[in-house]
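> Whatever this is, show me its structure:
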Amino acid sequence: LPKRVFSHGWWVVNHQKMSKSIGNVVTPQDLLSLCDHNNIDYVRYYLCSEMPLGNDGNYDADSFINKNNSVLVNGLGNLIQRSNKMIHKYCNSRIPLVNISTSVNASVVPVPVDTNTNTDESGGESSCSCSCTVLGSPLIERDFELLEACVSSEVVIKDQLSQQQLYQICESINQLIKHGNKYFDAEAPWKLVNNNDNGKTEQENMERLYTVLLVITEFIRRLNILISPLVPESSKKIVQLYNFDGISSMSEINNNICSIMGLEINEAIAIFPRIDRKLLVNTTGTGTGTGKVVKNKNKKSKQKEKVK
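Residues are numbered from 1 along each chain as shown. Coordinates of the predicted model:
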């Protein structure tokens with residue numbers, strides 16, 4: 001027998017109970033139509049984020065579109081797109097390497113092996129598979145703070161999961177996404193290219209650029225592990241995008257950053273396509289979020305006409 005049974009509340013529409021007589025029934029097909037059948041993860045994420053344990057969940061089509069576009073599209077999707085394109089442009093499509101031996105909190109992360117040269121069978125030096133990868137500057141305190149935020153969030157999320165607080169898990173994920181974007185915007189790696197106004201040399205700026213891209217990519221790997229139960233299909237696409245196979249389980253969330261160094265990544269795709277508000281009108285006709293309202297009203301009006 002199960003030790004615990006998760007019994008959630010009712011789904012209501014615009015704070016009204018769903019009813020065929022009212023004509024506000026929302027079907028799974030209606031939800032899929034809103035995201036143009038592109039990503040069922042939008043439905044999963046929204047349902048989890050809007051159902052507090054012990055209370056009813058309220059469905060609203062505007063909220064469905066706004067929440068997914070805000071958190072998944074503008075938040076996580078945009079962060080992936082921006083950082084991925086910069087790795088392709090400035091790092092030969094490979095995640096940069098960083099010399100961690102002199103980093104702040106270096107004891108947290110093992111020093112990577114030297115990948116600049118290898119010895120071939122004849123005893124001479126030869127280029128290794130990562131020889132085209134750029135080398136960044138050592139990590140600093142705020143880099144580690146971002147990465148450790150995922151580890152500390154794992155503890156919180158596991159506790160929330162044990163209490164079936166799915167909506168709070170979504171909020172924890174949302175805060176992490178905001179943290180990652182705040183870090184990326186504050187570091188502004190795009191400003192480090194050809195920047196001679198910050199008192200650093202061109203080489204120093206580029207090394208910092210490589211480090212920021214490494215850190216944000218590792219952050220995305222860790223965040224993807226945490227969000228995968230909510231958006232499993234999208235999570236698989238992120239793993240394929242960065243070639244994170246083998247380092248994407250919960251037990252590997254605290255892997256050292258060296259595990260991703262030198263990985264060749266694929267071209268960015270729209271993992272979270274924006275939900276077009278036109279679909280709301282096309283699906284419902286009235287913008288109410290319930291495609292059956294129009295149908296039921298039309299049927300009633302036709303019946304009245306026949307009676308007359």
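
> what about the helices in the stretch 101-250 of the chain?
141-162, 166-187, 202-227, 232-242 (DSSP state H, counting those that start in this stretch).

> Now tell me what touches the last one from outside.
Contacts to helix 232-242, defined as C-beta atoms under 8 Å, 6 or more residues apart in numbering, come from residues 39-41, 44, 72, 80, 84, 95, 217, 220-221, 224, 227-228, 244-245, 248, 260, 263, 265-266, 268-269, 271-272. For glycine as for every other residue, the C-beta is placed from the backbone atoms N, C-alpha and C.

> May I see the buried residues of stretch 74-85?
Buried residues in stretch 74-85, defined by neighbour count with 16 or more other C-beta atoms under 10 Å: Gly75, Leu76, Gly77, Asn78, Leu79, Ile80, Gln81, Arg82, Ser83, Asn84.

> Any of the contacts of helix 232-242 buried? List them.
The neighbour-count criterion (16+ other C-beta under 10 Å) marks 39-41, 44, 72, 80, 84, 95, 217, 220-221, 224, 227-228, 244, 248, 260, 263, 265, 268, 271-272 among the contacts of helix 232-242 as buried.

> secondary structure class for the most centrally placed residue in the chain?
The centre of the chain sits closest to Leu76, judged by C-alpha atoms, centre = their mean, with a distance of 3.9 Å. With DSSP: H, G, I helix; E, B strand; the rest coil as the basis, Leu76 sits in helix.

> show me what contacts it?
Per C-beta under 8 Å, 6+ apart, neighbours of Leu76: Ile177, Leu223, Ile227, Phe272.

> Tell me who's in contact with the last one.
With C-beta under 8 Å, 6+ apart as the criterion, the residues that contact Phe272 are Asn39, Asn68, Leu72, Val73, Leu76, Gly77, Ser234.

> Identify, from those, the entry nearest to Glu204.
Comparing these against Glu204 with C-beta to C-beta picks out Leu76 as the nearest, at 30.3 Å.

> And the pLDDT at the closest one?
In this model, Leu76 is scored at 97, pLDDT.

> Could you check how far Lys158 is from Gly262?
According to C-beta to C-beta, to the nearest Å, Lys158 and Gly262 sit 31 Å apart.

> Between these two, which is the more surrounded one?
Between Lys158 and Gly262, Gly262 has the larger neighbour count (other C-beta atoms under 10 Å), namely 18 against 12.

> The more buried one touches Asn92, doesn't it?
No: counting by C-beta atoms under 8 Å, Gly262 sits too far from Asn92 to count as a contact (10.3 Å).

> which stretches of the stretch 201-308 of the chain aren't confidently modelled?
The model of the stretch 201-308 of the chain has pLDDT under 70 over residues 279-308.

> One more: the stretch 1-150 of the chain?
Applying pLDDT under 70 to the stretch 1-150 of the chain flags residues 36-38, 100-134.

> send the alpha carbons of stretch 81-98 over as CSV?
What follows is stretch 81-98, C-alpha atoms only, in CSV (Å, rounded to 0.1, in the frame of the first residue of the first chain):
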residue,chain,number,x,y,z
GLN,A,81,20.1,31.4,-26.6
ARG,A,82,22.3,34.3,-25.6
SER,A,83,25.1,32.3,-24.0
ASN,A,84,25.0,29.6,-26.6
LYS,A,85,25.5,32.0,-29.5
MET,A,86,28.4,33.7,-27.7
ILE,A,87,30.2,30.3,-27.2
HIS,A,88,29.8,29.6,-30.9
LYS,A,89,31.1,33.1,-31.9
TYR,A,90,34.0,33.5,-29.5
CYS,A,91,34.9,30.0,-28.3
ASN,A,92,35.0,27.8,-31.4
SER,A,93,31.7,26.2,-30.4
ARG,A,94,33.4,24.6,-27.3
ILE,A,95,32.8,25.3,-23.7
PRO,A,96,35.9,27.2,-22.5
LEU,A,97,38.5,25.8,-20.1
VAL,A,98,39.6,27.6,-17.0
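
> quick one: contacts of that stretch?
Stretch 81-98 is contacted by residues 112, 115, 130, 132-139, 184, 189-190, 193, 206, 209-211, 213-214, 216-217, 220, 241-242, 257, 260-265, 267-268, 270 when judged by C-beta under 8 Å, 6+ apart.

> Show the buried residues in those.
Neighbour counting with 16+ other C-beta under 10 Å marks 112, 115, 130, 133-134, 136-139, 184, 189, 206, 209-211, 213-214, 216-217, 220, 241-242, 257, 260-263, 265, 268 as buried within the contacts of stretch 81-98.

> Doesn't Ile22 belong to a strand?
No: looking at Ile22 with three-state DSSP, it is coil, so not inside a strand.

> Would you mind listing the residues in contact with the residue lying closest to Arg208 once chain neighbours are set aside?
By the measure of C-beta to C-beta, 6 or more residues apart in numbering, the closest residue to Arg208 outside its immediate chain neighbours is Ser137, 5.3 Å from it. By C-beta under 8 Å, 6+ apart, the residues touching Ser137 are Val98, Asn99, Glu204, Glu207, Arg208, Tyr210, Thr211.
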